[in-house]
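**Q** Sharing a model prediction with you, sequence too.
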Amino acid sequence: ADPITVEHLSAWLRHFAATVDERHEYLTELDSAIGDADHGVNMTRGMRAVVEKLDAGAPEFADDLFKAVGMALVSSVGGASGPLYGTFFLRLGTKAGHVSEVDASSFGQALRAGLEGVIARGKAEVGDKTMLDAMVPAVEAFERSAADGSGAATAADAAASASEEGRDATEPIVARKGRASYLGDRSVGHLDPGATSTAMLFRSLATALAA
Ligand code: ADP
Ligand code: MG
Ligand code: MG
């Protein structure tokens, strides 16, 4: 199967930035129901900072690329999502290493390292109604698909579908982490904004790798 190139990875980030830009009102609307109505603004600001860095000269190696992305997110986003997504990309890049291409199973390991960074930082688990509800099933699906010998594009498509199911599963549950947890039972009946942006992240990966 074809490896994932750094160009694919840049295309992933640009696609995600464009999606977040397009859907920022929706993300903010979700956050206005159970948070402080800024998730769309936070993600847009962060991903615009990422695109500015890419426009200034996209790094040639995966570790440099994701380090730039993580730093841009951490430094430009004030909300909880900035450090969490920032950590995801920083760990992902460290694990992917100083390479210009990566195969599906190595990329699965890098996604796993990114996910573990989010867990270490946010101390949440699946079922707490956070971005992890979309990220954990996505990474598991990617790993499973890669272990079965699928190429990266197929694995990313499986990851995207799993993240969308995980996002949908946040609607009927009570939030136990982040701002939404202050609402207690009143958080029921709303999608989690961060799980929604994470599903966009994995759908963007599938789109970038299919091209
Ligand atoms: P803030 O809550 O600071 O305004 P955002 O609105 O940008 O930040 O992001 C909110 C999202 O962050 C939530 O919908 C949730 O998915 C995610 N989140 C919050 N706390 C945690 C945590 N401890 N672990 C994982 N994700 C979290
Ligand atoms: Mg918010
Ligand atoms: Mg906020």
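**A** Looks like it arrived, so ask away. This one's a predicted model, so the numbers in the text were calculated from it and none came from an experiment. Ligands and ions are numbered 1, 2, ... in the order given.

**Q** Spell out which residues belonging to the protein are near ligand 1, please.
**A** 31, 35-36, 38-39, 42, 79-81, 84, 118, 122-124, 130-132, 177-179, 192-195 (Cβ under 6 Å from any ligand atom). Every C-beta, even on glycine, is put in place using the N, C-alpha and C of the backbone.

**Q** Tell me the residue of this protein that sits nearest ligand 3?
**A** The minimum distance from the chain to ligand 3, using Cβ to the ion, falls at Gly79 (3.9 Å).

**Q** roughly how far apart are the residue of the chain positioned farthest from its centre and Gly194?
**A** Distance from the C-alpha centroid of the chain, by Cα atoms, centre = their mean, peaks at Asp185 (26.4 Å). Separation of Asp185 from Gly194 (Cβ to Cβ, to the nearest Å): 20 Å.

**Q** While we're on Ala195, how confident is the model there?
**A** Looking at Ala195, its pLDDT is 98.

**Q** quick one: it and Ser32, what's the gap?
**A** Distance of Ala195 to Ser32, computed by Cβ to Cβ: 16 Å.

**Q** between the two, which one's more packed in?
**A** Comparing Ala195 with Ser32 by other Cβ atoms under 10 Å, the one with more neighbours is Ala195, at 25 against 15.

**Q** Look at Thr130 and tell me its secondary structure.
**A** The three-state label given to Thr130 by DSSP: H, G, I helix; E, B strand; the rest coil is coil.

**Q** quick one: which helix or strand includes the nearest residue to Tyr85 once chain neighbours are set aside?
**A** Leaving aside its chain neighbours, Tyr85 sits nearest to Leu73 (5.1 Å; criterion: Cβ to Cβ, 6 or more residues apart in numbering). Using DSSP states H and E, Leu73 maps to helix 62-76.

**Q** name the helices or strands packed onto that helix?
**A** helix 6-22, helix 39-55, helix 81-96 (3 or more Cβ pairs under 8 Å, 6 or more residues apart in numbering; DSSP states H and E).

**Q** for these, which one ends up most surrounded?
**A** helix 81-96 (a mean of 23; mean count of other Cβ atoms under 10 Å).
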